[in-house]
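Visitor: Fold the following for me, if possible:
(one chain, ligands or ions: 1)
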Amino acid sequence: MVPDVIASAEMMLERWKMKEGKEIEVHEEFRILSSEVISRTAFGSSFKEGQHIFGMLNELMILSDRNTFKMSLPIIRYVPTKDEKDAIRLVQRIADSIMEMVKNRQEKVKNREVDGFGKDYLGLLLKAYHDEGHSMKISADQLVDECKTLYVAGQETTNTLLSWMILLLSIHQDWQEEARREVLRVFGPDKTPDSDGITRLKLMGMIINETLRLYSPVFAGFMRDVDKETRLGKFDLPVGVQFHIPIMAIHHDPDIWGQDVHLFKPDRFSEGVAKATNNNPSAFMPFGMGPHTCAGFNFATNEAKITIAMILQRFTFSLSPGYVHSPFPVLAVRPEKGVQVIINSL
Ligand code: HEM
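Guide: Here you go, the predicted structure:
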């Protein structure tokens with residue numbers, strides 16, 4: 001994935017060269033970047049090819065969000081609203097587009113243009129889809145669902161992480177300078193990041209953690225079902241109970257993080273998560289926890305490290321006077337009005 005992230009970041013930074021001394025809106029820039037990265041690595045396509053799928057998924061997220069909190073009167077509850085009808089139509093159009101992509105790959109295999117289904121995520125899913133009579137076989141619906149999950153999980157979350165990191169480093173110029181010093185120490189001004197160097201970006205890791213704590217992309221948290229009677233703290237939880245783990249609330253609890261909980265202080269992570277959480281490491285869970293923990297944890301942190309390192313090698317940035325702070329929850333917590341910064345070449 002490292003070469004794919006570098007190639008996508010280079011495309012973005014090429015555009016930025018034209019904006020020297022001007023304002024850019026990075027949330028939109030990172031939307032294109034993170035879409036390009038997931039399209040290349042998981043689906044062997046480009047952002048342009050997958051653009052309409054991302055667009056429809058975004059529309060669907062907004063509609064689902066609106067539908068979740070809609071109140072309706074008892075009798076008309078069963079009559080679908082316009083939003084619900086639009087959502088049903090969108091789900092079908094997304095499924096059709098994904099199956100179109102699947103058919104293209106199948107055609108290439110049939111016409112012997114390629115050797116097999118491929119080693120990317122789509123290729124692995126196609127192998128399972130064609131795995132006649134074996135336990136690995138998945139249905140067309142499962143294939144479509146898996147693709148949708150990866151498009152959303154792989155793009156939206158990383159997009160917001162990168163945007164909030166740039167916001168925080170624009171406000172905290174001292175941390176921007178420290179992070180740049182580390183990047184230049186590890187890679188110098190010109191060398192593209194590599195896997196070995198990425199693991200040595202300790203300060204950058206602390207900045208990522210602190211950003212994920214303050215602006216957890218999956219702000220709403222996650223659910224767990226109790227499938228056997230369980231004791232949790234002072235509660236006995238019977239089978240069938242569903243409980244919610246509110247990531248954002250836990251990440252902002254002063255009893256765990258201290259009275260400076262609302263401040264951006266990456267050095268709270270300098271001696272690891274246990275120390276930062278007052279010996280309660282499970283209180284830091286931006287990627288969830290347990291067997292269902294985020295499958296893209298390493299992918300996302302490496303994508304963030306590479307992208308921010310490449311920006312720091314080339315540009316300084318400061319917050320534009322036009323910036324309006326407006327964190328807005330859709331699936332991830334997004335900057336609703338974008339993040340505008342002024343960039344200057346080093
Ligand atoms: C900053 C970026 C990301 C954050 C904060 C994040 C966060 C999360 C969270 C909180 C969960 C639920 C975990 C649980 O229930 O315990 C999750 C699940 C998941 N994530 Fe991520 N994620 C990120 C990036 C990614 C990326 C880049 C990918 C794919 C390339 C990805 C793929 C997945 C998948 C497939 C699951 C479902 C895992 C399962 O249910 O077994 N995520 N993520």
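Visitor: Identify the residues contacting stretch 314-334?
Guide: Here stretch 314-334 makes contact (Cβ atoms under 8 Å, 6 or more residues apart in numbering) with 13, 16, 23, 27, 61-62, 65, 152, 156-157, 159-160, 163, 166-167, 169-171, 173, 176, 180, 215-220, 248, 311, 335-337, 339-346. The C-beta positions use only the backbone N, C-alpha and C, and glycine is treated the same way.
Visitor: hmm, I was thinking of stretch 10-26
Guide: Contacting residues not belonging to stretch 10-26 are listed as 29, 32-33, 36, 162-163, 166, 310-311, 314-315, 320, 322, 338-345 [Cβ under 8 Å, 6+ apart].
Visitor: Okay, now the unreliable bits of this structure?
Guide: Residue ranges of the chain with pLDDT under 70: 46-49, 65-79, 133-134.
Visitor: which residue is nearest the middle of it?
Guide: Nearest residue to the geometric centre of the chain (Cα atoms, centre = their mean): Thr157, 2.0 Å.
Visitor: list the contacts for the residue nearest to that residue when sequence neighbours are not counted?
Guide: Of all residues not flanking Thr157 in the chain, Pro217 sits nearest, at 4.1 Å (Cβ to Cβ, 6 or more residues apart in numbering). Residues in contact with Pro217 (Cβ under 8 Å, 6+ apart) are Glu156, Thr157, Thr158, Thr160, Leu161, Pro286, Ala332, Val333.
Visitor: Where neighbours are concerned, which of those residues has the most?
Guide: Thr160 (29 neighbours; other Cβ atoms under 10 Å).
Visitor: so that one is in which element?
Guide: helix 140-171 (DSSP states H and E).
Visitor: Tell me the buried residues in that helix?
Guide: Within helix 140-171, the residues that qualify as buried are 143-144, 146-148, 150-170, counting by 16 or more other Cβ atoms under 10 Å.
Visitor: What of stretch 22-34?
Guide: Going by 16+ other Cβ under 10 Å, stretch 22-34 has these buried residues: Ile24, Glu25, Val26, His27, Glu29, Phe30, Arg31, Ile32, Leu33, Ser34.
Visitor: Which of these fall in helices?
Guide: Among these, the ones falling in helices (DSSP state H) are Val26, His27, Glu29, Phe30, Arg31, Ile32, Leu33, Ser34.
Visitor: returning to that earlier point: can I assume the residue nearest to Thr157 sits in a helix?
Guide: No: under DSSP: H, G, I helix; E, B strand; the rest coil, Pro217 sits outside any helix and is assigned coil.
Visitor: ok, now how distant is it from Ala87?
Guide: According to Cβ to Cβ, to the nearest Å, Pro217 stands 23 Å off from Ala87.
Visitor: Which entries in the contacts of Pro217 are shared with the contacts of the ligand?
Guide: Thr157, Thr158, Leu161, Pro286 (Cβ under 6 Å from any ligand atom).
Visitor: how about the first one, what does it touch?
Guide: Residues touching Thr157, when contacts are defined by Cβ under 8 Å, 6+ apart, comprise Pro217, Val218, Gly296, Ala300, Ala332.
Visitor: Could you find the closest non-adjacent residue to the fourth one?
Guide: Spelled out, that is Ala300. Thr158 (5.0 Å).
Visitor: My guess is that neighbour contacts Ser34. True?
Guide: Yes: the pair Thr158 / Ser34 is scored as a contact, 4.5 Å apart, by Cβ atoms under 8 Å.
Visitor: List the residues that are in contact with both of these two.
Guide: By Cβ under 8 Å, 6+ apart, the residues touching both Thr158 and Ser34 are Glu303.
Visitor: Quick check: phi and psi at Val333.
Guide: Torsion angles at Val333 (phi, psi; degrees, to the nearest 10) stand at phi -90, psi 110.
Visitor: ok, the residue nearest to it when sequence neighbours are not counted to Pro327 distance?
Guide: Nearest residue to Val333 in three dimensions, chain neighbours excluded: Phe219, at 4.3 Å (Cβ to Cβ, 6+ apart). Phe219 sits 8 Å away from Pro327 when distances are taken as Cβ to Cβ.
Visitor: Ok, Leu167 next?
Guide: Counting by Cβ to Cβ, the gap from Leu167 to Pro327 is 10 Å.
Visitor: okay, and the common contacts of the two?
Guide: Pro335.
Visitor: Gln242: how many residues sit nearby?
Guide: Each residue near Gln242 was counted by other Cβ under 10 Å, and the total is 9.
Visitor: what sits against it?
Guide: So Gln242 contacts Met223, Arg224, Asp225, Val226 (Cβ under 8 Å, 6+ apart).
Visitor: Which helix or strand contains the second one?
Guide: The reference is to Arg224. Taking DSSP H and E as the criterion, Arg224 maps to strand 222-225.
Visitor: Buried ones in that strand, by neighbour count?
Guide: Phe222, Arg224.
Visitor: For that strand, name the packing helices and strands.
Guide: strand 242-245 (3 or more Cβ pairs under 8 Å, 6 or more residues apart in numbering; DSSP states H and E).
Visitor: Now find how far off-centre whichever helix or strand comes after the strand it packs on is within its chain.
Guide: Under the assignment DSSP H and E, the closest C-terminal helix or strand after strand 242-245 is helix 247-251. For helix 247-251, the separation from the chain centroid amounts to 17 Å (computed by Cα atoms, centre = their mean, to the nearest Å).
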